[in-house]
Structures are given as C-alpha cells and as structure tokens.
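Asker: need a structure here:
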Amino acid sequence: MFQLKPIFQSPDQRLAFFRKVFAVNRQTIQAISLVLFALTIYDLGYNRPVQPDLVGVFVATLLLLLVVGYSLKLVSRSEKYTTSGYIGEIGLLLLLLTAFLVQTGTLPFSEEDSLSIVSKQAFLVDLIVFVIFLVELSKVSLSVNRLKIHPAVIFMMSFLIVIIIGMVLLLLPNATVRGISVIDALFTSTSAVCVTGLIVLDTSSDFTFLGQIIILVLFQVGGLGMMTFTSFFGFFFKGSYSLQNQLFLRDFISENNINAVNSTVVKIILFTLIVEATAAVLIFLLVDTSLFQTPGAHVFFAIFHAVSGFCNAGFSILRDGLYQEEFRHLYTMQLVIAATIVLGGIGFPVVVAYFNYLRHVWIGTTKHIFGVEAYKHAPRVVNVNVRLIMYTTVILLLVGFVSYLIFEQNHTLQGLSWYGKFVTAIFGSVTPRTAGFNTVDMGAMAMPTVLIYLILMWIGASPGSTGGGLKTSTFAVAVLNAVSIAKGKDRLEVFSRQIENQTLRKAFAVILLSFLIIGLGVFFVIILNPELELIAVAFEIFSAFSTVGLSLGITGQLSAGSKLVVIIIMFLGRVGTLTVLVAFVRKARNLRYKFPEESVFIT
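Answerer: A predicted model of the protein is given here:
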C-alpha cells in the first residue's frame, strides 16, 4: 500500500522551516513597504497621479499582501512581543486593512480635499503607507549596530542619508512653484536637516504646501536625530531593546546609564511632542485667524512655527519671517516661540535630569506626608554637566538681553513700546543661540550687536539638544580652565568636583576645530564671491557652522561654489567636527610607554 512520506523528518526541520518562512515574511513586508512608499512619493510629487490607472490596482494588491504578512507575524511564535508591541502590531494591521478598503473603493470618499493636491482617498492611503514605512524603517534601524561600523560614522551617515532623501523630495515638481535647481534643493535640505534655517528660496512663496511639509519633516527628524527618531518607533513596536541596541544608542542620546536607555528615548520623544503641541496651541490662540486665508492655514502656521522653534530650525512660512508687518508686534506669541527655542536648545540630558529629580522629590514628599516613610535625600541626579549648562545658559541669555537693550535703543528698538522693547530684547538674546528667527530688520542692527551675535552664535546651544554651535558646556569648561590656570591651580574644579583632563583636551580640540572650519569657510566664500562684505560673509559662516540661520541678507547672492561651502559647514556644524575626526582617524591603541616630559613656552 502506497504511503505518503512526512514532509518533515524531525521537529527540528519543521521548526527551521517555519523560522525561514517567517524570516522571508519579514523581509517581504519591508520590501513591499519600500515599494509602496516610492509609489506614494511619485503620486504626491508629480502631476500624473498613479491612483486611477492600473498602478492603483497594483497598490491595492500590495496592501493586501501587507495585510496577510502582518497577520502571519501576529501568529508567529518567533516574534516576541510585549503587550504594547502586540497592540501596536494589531493597530498597524487595522490601518492596513482600512487602507486596502479605501483603495478598492469599499469606503467612499469625496473627490478632492481642500488642498487640491490629491483626493481624500489617496491622501489617507498615502498617510497609512508612510506610517507603515516609518515603522519598518525604525525596526531595521535597530539592527544597524550589526554592521560593525563606528557609531560616529553611522551618526554622520544618518544625517547624510536624510539630506539626500530630502533633496530628492524637494526636486519633485509638486514640491515647488517654479521648480528648483539641484544645488538649491541640496542647500535647503541640508539647512532643514541640520536645523539651520538659511534659505536660498522663499519658503512661503517658492515652495508649495507639499514642499513646506517636506521641510517640516526634515527639520523635525534632523532636530531629534534620525537614530533617536527611528529608535523610538522601533522600540514601541518591538517592545524592547537588546543589550547591543542599548550600548549603541546611549552615545546618541547622551545617556551613561545603559538600563535607562529605553526610558530616556521615550522621555525625549514625549517631551518633544508635549512642548511642540503646547506651543502650537498657544501660537494658534495668540494669532488672529483673520491674518490667514483659511482656518487650515492658521493651524499649519502654528504647527510649523512650534516645531521650527523647538528644533531651533528658524524656518518660517512668512515672507519676511516673524518680522512680517502683520506679525512683528505679536509680542506674546514671540515669547512663546522664545520659550520653545530655549526648551529645545537646553539639551535633553538637562530635561531628563530635572525630570528625575522632581519626580524623586514629588514621590519622596508624598510618602513623607502620608507617613509611608521618611523623606530620603535625592541622589546626585543634577550633576556637574547639568548645572554647568544651566548656569551658562542663564548667563548668556542675560548678557544677550542687556547688551541688546543697550546697543539697540536707537536702532531696532526705536519707536517700540516698553513691552515691545522688553520682548524684542529677550527674543534678540534667544534667537542667536542657534534658533534663527528674526523679529527685526537684521540689516538695521548696530555693529556692536552684530559682533555680540557672532559670539552667541559661536557658543550655540547645549550638548544633546536640537541646536548646534560650540556648545555651552564646552565654552564654560574653556573659560573656567583659563581662570583656573590664572589662579595657579594644576586642575579644574567645579561645584566640588574635578573635571577630567580628557574633557579639557576635548574642549580645546573642539574650539580649535571650530575656528579652523569657520576661518576656511570665510576664506573660500570671499574667494568665490569677492563682491560681498567681509562682515556679512563672517556672519553667514558663523550662522552656518552654529546652525543658527540668521543672515545679513547675502544667502541668495551666494554662487554655486559658495553654497556648496556653506552646505559643508552646516553639515560639519550639526554632526560636530570632532565626530568627523573620530569617525575617520584611526584610533590609537593603548600606549604602553611614556616619554620624558618637557615644557613648551606658552604666553
């Protein structure tokens, strides 16, 4: 009698087979999400929509395959989900099912939306496809540490990849009103990703709504950092980080405690969303709707400037920035944006440290009041780094505020009310700290103010923040070290702690490299554009290196070669010159020898 042989000779073969099936399923899902994302970009970027023709049927087929693929993932035992991760996967499956029903016409929609770019049906499908692609990209990013590449190289490459993607997106016909050259698209993308704010085209008039959305997404991703942004979504849907992931990510988020990497990433994203949402609501309430053509434009204005402010990007969808006639006297709104800039530029390590400290105080005090246990003194959560950043930030803001009030009395402050002068001076001290918004005519500022702006721009924001520049802690360490040497001390002591010699060496290296890059930038731009004034060029290069975005009005006059120079300087200013050296200079082995010491005369 004929007898069928079993497909699997042993349970191990069956297990290996299903593991291979589920692995192929994961790879298929990633490939399909990439294809759908490419079709979405084509659909949005060109005037030849893909939805009505046969490609629309192809999109529906791919969505159905994704539904099947995600269903297989949910029943797979090889996929280890936490509760939140499992719920997230179910949510993605429901989104995909909704997208499939909408794409096939099962769920009816009206023809055109208010933006007249795509139909509501296509917009909803495109949005879901974008979410799926972002989630899959985030999961892949958690495996990047397996490439055995130096973290500094990965950090640089993450920004470079986003810049190139942004350039390609800005080159889409529907992203601009009259088209854009490759060098201008690269400049705008670099300025957005590096949260600089320098522009060669008017964001309000030369870019369409789609182009403005692209710029918004670019400086949001650039402000947080690509690895932080994608790691959050990867963690949310995967449910946890491996030890390798934690070791890899701790340098990107400035977290020394490996066990706190998970919670720190979540806190960074939540803090960002809370601050941006609060700022957007306040801006919306403080600006009159009559200043906009539609309520939707009013909402978008609030969101755009809230995100731009927190990311210290300096981009604005107003023709003259915040100096535009209808908005230049909205002082309370300017205070909200200034506060948002400070919160974005203070640094996530500072925010996390004070959050942990206040949480400890709140819990300890509550337990003490209700007699649970005696209050225990908080551990040293607010360390030297955090305190140094806070003190330096406050001092720089006060110096900028007072100097602006003094030197601008007969210039940009002339004719303003006392409240207007107060707010304008505050904003004038905040914006050169890598923000880039302007509420005054930059060309009308007094020369002493311009020189002070150069110093403030050079110092920049704090480490681990959305801003650039030398960084407040580096400047503070350098100043305190000079004072310590003047006092004849052989070491640097701050807040009853001794600063490591390695920190002093890094601070000196960063300062030297910053002057070198800025000097070379000014040199090359002067050669390529000899008709420009030296002070204007220096201001432009300082602004580019510190990712500020303020300009004395010469950005649009730069030649293609000068634009390329500024692009490189913006990139180096965002990723850090020391990071570039660490990435490409071979690390020395531990030195097992020591030469005799000699002194070098330094005066």
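
Asker: Going by C-alpha atoms from here, please, whenever you check contacts or count neighbours.
Answerer: Fine.

Asker: What about residue 207? Give its phi and psi, please.
Answerer: phi -110, psi 140 (degrees, to the nearest 10).

Asker: Only alpha carbons, please: show whichever strand or helix holds residue 401 as PDB.
Answerer: Using DSSP states H and E, residue 401 sits in helix 384-407. Output of helix 384-407 as PDB, limited to C-alpha atoms (Å, rounded to 0.1, in the frame of the first residue of the first chain):
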ATOM      1  CA  VAL A 384      28.100  69.000  37.200                       C
ATOM      2  CA  ASN A 385      27.300  68.800  33.500                       C
ATOM      3  CA  VAL A 386      23.700  69.800  34.000                       C
ATOM      4  CA  ARG A 387      24.400  72.600  36.500                       C
ATOM      5  CA  LEU A 388      27.200  73.900  34.200                       C
ATOM      6  CA  ILE A 389      24.800  74.000  31.300                       C
ATOM      7  CA  MET A 390      22.100  75.800  33.300                       C
ATOM      8  CA  TYR A 391      24.400  78.400  34.700                       C
ATOM      9  CA  THR A 392      26.000  79.100  31.300                       C
ATOM     10  CA  THR A 393      22.600  79.300  29.600                       C
ATOM     11  CA  VAL A 394      21.200  81.800  32.100                       C
ATOM     12  CA  ILE A 395      24.300  84.000  32.000                       C
ATOM     13  CA  LEU A 396      24.400  84.000  28.200                       C
ATOM     14  CA  LEU A 397      20.700  84.900  28.000                       C
ATOM     15  CA  LEU A 398      21.200  87.800  30.500                       C
ATOM     16  CA  VAL A 399      24.300  89.100  28.700                       C
ATOM     17  CA  GLY A 400      22.400  89.000  25.300                       C
ATOM     18  CA  PHE A 401      19.300  90.600  26.800                       C
ATOM     19  CA  VAL A 402      21.200  93.500  28.500                       C
ATOM     20  CA  SER A 403      23.500  94.200  25.600                       C
ATOM     21  CA  TYR A 404      20.600  94.200  23.100                       C
ATOM     22  CA  LEU A 405      18.700  96.700  25.200                       C
ATOM     23  CA  ILE A 406      21.800  98.900  25.400                       C
ATOM     24  CA  PHE A 407      23.100  98.900  21.800                       C
END
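
Asker: what's it packed up against?
Answerer: helix 348-369, helix 418-430, helix 447-459, helix 472-486 (3 or more CA pairs under 8 Å, 6 or more residues apart in numbering; DSSP states H and E).

Asker: for stretch 421-440, what is the average pLDDT?
Answerer: On average, the pLDDT along stretch 421-440 is 90.

Asker: Give me the distance between the two termini of it.
Answerer: 11 Å (CA to CA, to the nearest Å).

Asker: Where does the prediction get shaky in the stretch 201-350 of the chain?
Answerer: 226-261 (pLDDT under 70).

Asker: returning to that earlier point: I'd like the helices and strands packed on helix 384-407 as CSV, with mean neighbour count and distance to residue 534 appended.
Answerer: Shown next, in CSV, are the helices and strands packed on helix 384-407 (neighbours: other CA atoms under 10 Å; distance: least, CA to CA, whole Å):
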stretch, mean neighbour count, distance to residue 534
helix 348-369, 16, 36
helix 418-430, 21, 23
helix 447-459, 21, 13
helix 472-486, 17, 25
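
Asker: Export those helices as CSV, with columns for distance to residue 310.
Answerer: As requested, these are exported to CSV (distance: least, CA to CA, whole Å):
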stretch, distance to residue 310
helix 348-369, 12
helix 418-430, 12
helix 447-459, 17
helix 472-486, 18
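
Asker: For residue 569, find the nearest of these.
Answerer: helix 447-459 (12.9 Å; CA to CA).

Asker: That closest one vs helix 384-407, what angle?
Answerer: Put simply, helix 447-459 runs at 170 degrees to helix 384-407, going by axes from the mean of the first three to the mean of the last three CA atoms, to 10 degrees.

Asker: returning to that earlier point: quick one, the helix holding residue 401 and helix 472-486 angle?
Answerer: Using the same axes, to 10 degrees: helix 384-407 against helix 472-486 is 90 degrees.

Asker: how far is helix 384-407 from where the chain is centred?
Answerer: Centre-to-centre, helix 384-407 and its host chain are 24 Å apart (CA atoms, centre = their mean, to the nearest Å).

Asker: Stretch 315-332 too?
Answerer: Distance, centroid of stretch 315-332 to centroid of chain: 23 Å (CA atoms, centre = their mean).

Asker: I'd like to know how far residue 486 sits from residue 476.
Answerer: From residue 486 to residue 476 the distance is 15 Å (CA to CA).

Asker: how about the strands of the protein, start to end?
Answerer: 493-494, 497-498 (DSSP state E).

Asker: okay, the ones you listed in CSV with mean pLDDT, mean neighbour count and distance to residue 425 next?
Answerer: As requested, the strands of the chain are exported to CSV (pLDDT from 0 to 100; neighbours: other CA atoms under 10 Å; distance: least, CA to CA, whole Å):
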stretch, mean pLDDT, mean neighbour count, distance to residue 425
strand 493-494, 88, 15, 31
strand 497-498, 88, 10, 35
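
Asker: can you tell which of the ones you listed is closest to residue 357?
Answerer: Using CA to CA, the nearest of the strands of the chain to residue 357 is strand 497-498, at 19.4 Å.

Asker: partners of the closest one in the sheet?
Answerer: strand 493-494 (antiparallel) (DSSP bridges).

Asker: got a list of contacts for the strand it pairs with?
Answerer: Contacts to strand 493-494, defined as CA atoms under 8 Å, 6 or more residues apart in numbering, come from residues 384, 499.
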